[in-house]
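> below: sequence and its predicted model.
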Amino acid sequence: MRSWRRGDEASLVRHANNRNVWINLRDRFPHPYTSDDAARWMAWVLVERPETNFAIVVGEEAVGGVGYEIQPDVHRMSAEIGFWLGEAYWGRGIMTEAVRAVTEHAFRTHSLVRLYATVFEWNPASMRVLEKAGYTREARLGRSAVKDGKVIDQVLYAITRES
């Protein structure tokens, strides 16, 4: 895991432009994923402060991303974590390592007491990643999202720390 940097755009497009990746992510993650999308992402992430989004790297190639969004107002001690990985790298334990690392980073760097994630009902692989990284399944959120034209359930996972 490392900071995103100029030069990651081509590998970002190569790994992000995949329906099997997109189907498990929020709609703000475009599909198809184009060079323009990668340029917009880089323009935003390179100036983001505090830095909360990181590239997942195999060799020197960015093959996915992991990050968190610190929540506002009364939820300011919580953050939502999100992640994706190029399909060619699924099933290797890479994402579990990345989620563990960014979780530790988030707790160490910010005054957070809770990180959470919602996972679409059809994505048991991401549920396993979160469980292996120490997150606990808290709830099934019935009919709480629309993805690919379907109204679906999400599963809520969280991990907490003492402040």
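Now that the structure is in, tell me what you want to look at.
> and the longest helix for this structure?
helix 94-109 (DSSP state H).
> list the buried ones in that helix?
Using 16 or more other C-beta atoms under 10 Å as the test for burial, helix 94-109 gives 94-99, 102-103, 105-107. No exception for glycine: its C-beta is placed from N, CA and C like everyone else's.
> cool, stretch 61-78 as well?
Quick answer for stretch 61-78 (16+ other C-beta under 10 Å): 61-68, 70, 78.
> if we can go back for a sec, what is the subsequent helix or strand relative to the longest helix of the chain?
strand 114-120 (DSSP states H and E).
> what packs against that next one?
Helices and strands touching strand 114-120, by 3 or more C-beta pairs under 8 Å, 6 or more residues apart in numbering; DSSP states H and E, are strand 78-85, helix 94-109, helix 124-132, strand 136-147, strand 150-160.
> could you give the mean pLDDT of the longest helix of the chain?
The pLDDT scores in helix 94-109 average 98.
> relative to helix 124-132, how tilted is it?
For helix 94-109 against helix 124-132, the angle by axes from the mean of the first three to the mean of the last three C-alpha atoms, to 10 degrees is 40 degrees.
> list the helices and strands helix 94-109 packs on?
Helix 94-109 packs on strand 53-58, strand 61-70, strand 78-85, strand 114-120, helix 124-132, going by 3+ C-beta pairs under 8 Å, 6+ apart.
> chain center to the last one: distance?
The reference is to helix 124-132. Mean C-alpha position of helix 124-132 versus that of the full chain (C-alpha atoms, centre = their mean, to the nearest Å) differs by 12 Å.
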